[in-house]
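In: Task: produce atomic coordinates for the following.
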Amino acid sequence: MIAGGMIGSSIFSLSGLTITAAGPGAILTWALAAAIMLCYGLVCAELSTRFPKSGGVFVFPSKALGKTEEQGRLWGWFSTWGYINSNIVAISFAAIYVGTYLSVGFPIFEGKQIPLAIISILFIYALNSVKFALAGKVNNLLVLGLALTMIIYIVVAFVSGAWDGATLTPFFTQGSAGTTGFLAMVPTAMTGYGSIVAMAFMVSEVRNPNRNVPKSVLIAMIIVLCLYLGIILSTVGMVSAGFLMENPGMQFIPLYAAAFTKLASIPWISKLISIAALLALLTTMLTVMSLSSRAVQAVAEKGFMPAKLAENNKAGVPLYGATLITVPCLIIACFPQFTSTIVSFGALFAAVTISINIISLIVARKKFDLPEGAFHAPGGKVLPVVALGLIILCYIPDIIGGGWVIWAYSIAWYACGLIYYKVRNSKRNS
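Out: Purely as a prediction, here's the structure:
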């Protein structure tokens, strides 16, 4: 579930943006992003054993932060508000690229991007209405097929003679963002590992969470990082940052750029990429919608959303919460022309939520003793502090480079969330 959630739209689409901005340095970008998100995954694994209830994005801050219960709930709301929005963005973005990848690999789907996006969202919504165990089995089959197709692409890239190591030099200055491009693109790459928290945020549905949550985090990250680095290394050896800058239409489909240029003599490779991308996009959407619906459920249980959203259906899953997530996804997926803006908002919302949850562990360790048998993240006090520092460091180039517009809109969006919270809280208290 974790691996399938991570391997999605980011590596097949956003990897092109990282290569454009950082050149071969994108290899380091994805490695740094993995290190940060592994730290975050272990942080949330410990939080989930301290506070073993699903909906951790709300539960962790509300339990750990604030001097009063009310202050804790406010932090939980801020964390959830950003998280839900970043996940809606992730699902919408993935759905948009279902149509993009299918239309490139199979001409029969050309011009059907929006209908295919809508169908994919409704398919994932249907999977989120059945028992979690059944959805997990479907996910496992998709992930196995996905891993196999990714490995085939990597092997073909290296054995076909199309890969050229000379394209890796100079390593840091080829991209449009210059020498700091590899660092500036880390937040974008971090979205490719967002589902590292899947089991921690659904801890109520995990057997023996003290062992299985941290174990699954580590195993999934090893698998995904190996596949990601293989994809990036094989692609930058065939497609340069300069090529993507000259052909901006290829920036969101870098694997196809390789297929149409250096692997043109292998006609079936483009269809393989389409199948791999479809599987990746669907597994991401499935996991992210599962996480989002449980976050909505956790907030609704505390009275900050309508009580109906806290209910499970007969299959034992929060279908009403999934419905709330699905509706805006269907709307956003109808506007693929805003893809770049959508991605920028999603990355920033995710970074804010990650920061709040890391701070939650720092505070929780001071306020509460570790329950007997609970998992303790390695690295002691250093791990969460380093993770938080790296996130802040990665956003400095964006702020200096003029990314204030996205920040301004994001602050306005969080202000809307605060207004909603105040209104809803006053009604709940009355």
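
In: Enumerate the positions of stretch 361-376 that are buried.
Out: Neighbour-count burial for stretch 361-376 flags 361-365, 374-375 (criterion: 16 or more other CB atoms under 10 Å). Using the backbone N, CA and C atoms, a C-beta is placed for each residue, glycine as well.

In: farthest-separated two in those?
Out: Largest separation among these by CB to CB: 363 and 375, giving 17.7 Å.

In: low pLDDT regions in the stretch 1-150 of the chain?
Out: 9 (pLDDT under 70).

In: do the stretch 301-430 of the chain as well
Out: Within the stretch 301-430 of the chain, the ranges that satisfy pLDDT under 70 run 339-347, 395-404, 428-430.

In: try it again with 90
Out: 301-307, 312-319, 332-355, 370-374, 379-381, 383, 386-414, 417, 420-430 (pLDDT under 90).

In: ok so, going back, go through the buried residues of stretch 361-376 and flag which are in helices.
Out: Judged by DSSP state H, the subset of the buried residues of stretch 361-376 located in helices is 361-365.

In: Distance to residue 134 added to those, as JSON lines?
Out: Converted to JSON lines, those look like this (distance: CB to CB, whole Å):
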{"residue": "361", "distance to residue 134": "33"}
{"residue": "362", "distance to residue 134": "38"}
{"residue": "363", "distance to residue 134": "38"}
{"residue": "364", "distance to residue 134": "34"}
{"residue": "365", "distance to residue 134": "37"}
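
In: ok, residue 386 - contacts?
Out: 39, 379 (CB atoms under 8 Å, 6 or more residues apart in numbering).

In: In terms of helices and strands, where is it?
Out: According to DSSP states H and E, residue 386 maps onto helix 382-400.

In: gap between stretch 208-228 and the chain center?
Out: 15 Å (CA atoms, centre = their mean, to the nearest Å).

In: buried sites along it?
Out: Residues of stretch 208-228 classed as buried: 209-210, 213-214, 216-217, 220-221, 223-225, 227-228 (neighbour count, 16+ other CB under 10 Å).

In: Likewise for stretch 140-160?
Out: For stretch 140-160, burial by neighbour count (16+ other CB under 10 Å) applies to 142-143, 145-147, 149-150, 153-154, 156-157.

In: Let me know the closest of those to residue 269.
Out: The shortest gap between residue 269 and any of these belongs to residue 156, at 6.1 Å (CB to CB).

In: Distance of that closest one relative to residue 150?
Out: Counting by CB to CB, to the nearest Å, the gap from residue 156 to residue 150 is 11 Å.

In: Need the overlap of contacts for the two.
Out: When contacts are counted by CB under 8 Å, 6+ apart, residue 156 and residue 150 have no shared neighbour.
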